[in-house]
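Visitor: the sequence isn't on hand, but the structure is:
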């Protein structure tokens, strides 16, 4: 196959591993910076220009689009789709998963476990928002935050009210969520390809930090997940319409709850923690599922 890898930084571990895996399996793979792509939107002959040349027709495209450039990146990906190139993840699914509020509403509609969550803009009634989320402690999140940035723990009623009012001062939308204390600063990253969880790791936050993100200094180790955790991760991926994603779960007393569905999950922590060759699994999935000239939509909303 002829594969395009859309990413900003070719030197990242995940991207180098995908290139290595594709080449090892006998494929041609070109790394393209989606911000350097120019798209020609026409009815009869849509095309993409890159580095002064019109790109050839690819069999498949692997989108690795950062959250900060979702709008332009998915626009470029849509152009590939218009040209009949098979996307590992569709543009509509990536956009859906990047909208934290929309993604949680879709998961709730499918009956998938979630922490109690309140969406708010006007924060003058902070005490009412906290009450709706089940009372302090609560997690307060900016909708646009990634990798644990813009996520704050309000440990007491007064602290939570102050944080919510501070966010209100900058006129931003926030999510206020139940704090799952029993998770103990740990979460599960389940890596879904197709209809299976192919690898899973337990992430632990550094001492004194409730966030378990590896970018925030957390650690990871391989873990055995339960059948319910496995099925929850797969259902969450399907609800987003994503073929490949990372699903972050917390182990709550009432069962697993989904915190996030990541359409461009990193491979480094997962491969090193589990020893699984996830990059090759992704390329293998493309080999089996890619049908150039056809795209499919797995989710709605």
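Guide: Arrived safely, thanks for sending. None of these values were measured; they are calculated from a predicted model.
Visitor: specify the beta-bridge partners of the spatially most central residue of the chain.
Guide: Of all residues in the chain, the one closest to the mean position by Cα atoms, centre = their mean is residue 262, 1.1 Å from it. Beta bridges link residue 262 to residue 246 when assigned by DSSP bridges.
Visitor: how about the nearest residue to residue 27, chain neighbours excluded?
Guide: With sequence-adjacent residues excluded and distances taken as Cβ to Cβ, 6 or more residues apart in numbering, residue 27 is closest to residue 1, at 4.8 Å. Where C-beta positions appear, they are placed from N, C-alpha and C, glycine not excepted.
Visitor: pretty sure that neighbour contacts residue 284?
Guide: No - in this structure, residue 1 is not within contact of residue 284 by Cβ atoms under 8 Å, at 11.5 Å.
Visitor: please enumerate the strands of the stretch 151-300 of the chain.
Guide: 151-154, 174-178, 186-193, 196-204, 219-222, 244-252, 255-262 (DSSP state E, counting those that start in this stretch).
Visitor: just name the most buried of those.
Guide: strand 186-193 (a mean of 24; mean count of other Cβ atoms under 10 Å).
Visitor: distance from that strand to the middle of the chain?
Guide: 11 Å (Cα atoms, centre = their mean, to the nearest Å).
Visitor: partner strands of that strand, with direction?
Guide: When pairs are called by DSSP bridges, strand 186-193 turns out to pair with strand 196-204 (antiparallel), strand 244-252 (antiparallel).
Visitor: can you check what angle separates it from strand 255-262?
Guide: 60 degrees (axes from the mean of the first three to the mean of the last three Cα atoms, to 10 degrees).
Visitor: so which residues make contact with strand 186-193?
Guide: Contact with strand 186-193 is made by 197-205, 212, 220, 223, 225, 229-230, 233-234, 236-237, 242-251, 256, 259, 265, 269-270, 278, 281-282, 285, as judged by Cβ atoms under 8 Å, 6 or more residues apart in numbering.
Visitor: that strand - what's its average pLDDT?
Guide: This predicted structure assigns strand 186-193 an average pLDDT of 96.
Visitor: and what of stretch 28-46?
Guide: 94.
Visitor: measure that stretch end to end?
Guide: 23 Å (Cα to Cα, to the nearest Å).
Visitor: contact partners of that stretch?
Guide: Identification of contacts with stretch 28-46 by Cβ under 8 Å, 6+ apart yields 1-8, 10, 15, 18-19, 22-23, 47-51, 55, 58, 63, 65, 69, 72-73, 75-77, 79, 82-83.
Visitor: and residue 103, what element?
Guide: For residue 103, the host element (DSSP states H and E) is helix 100-109.
Visitor: pull out the buried residues from the helix or strand following that helix.
Guide: The helix or strand immediately downstream of helix 100-109 is strand 117-120, counting by DSSP H and E. For strand 117-120, burial by neighbour count (16 or more other Cβ atoms under 10 Å) applies to 117, 118, 120.
Visitor: same question, stretch 122-130
Guide: 123, 126, 129, 130.
Visitor: can you check the distance spanned by it, start to finish?
Guide: End-to-end distance (Cα to Cα), stretch 122-130: 13 Å.
Visitor: assess the claim that residue 100 and residue 175 are in contact.
Guide: Yes - if you go by Cβ under 8 Å, residue 100 and residue 175 touch, sitting 6.4 Å apart.
Visitor: common neighbours of the two, please.
Guide: Common neighbours of residue 100 and residue 175, using Cβ under 8 Å, 6+ apart, are 141, 143.
Visitor: the contacts of stretch 28-46, buried ones only, as a ChimeraX selection?
Guide: In ChimeraX syntax, the buried subset of these is picked out as below (16+ other Cβ under 10 Å):
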select :1,3,4,5,6,7,8,15,18,19,22,48,50,55,58,63,65,73,75,76,77,79,82,83
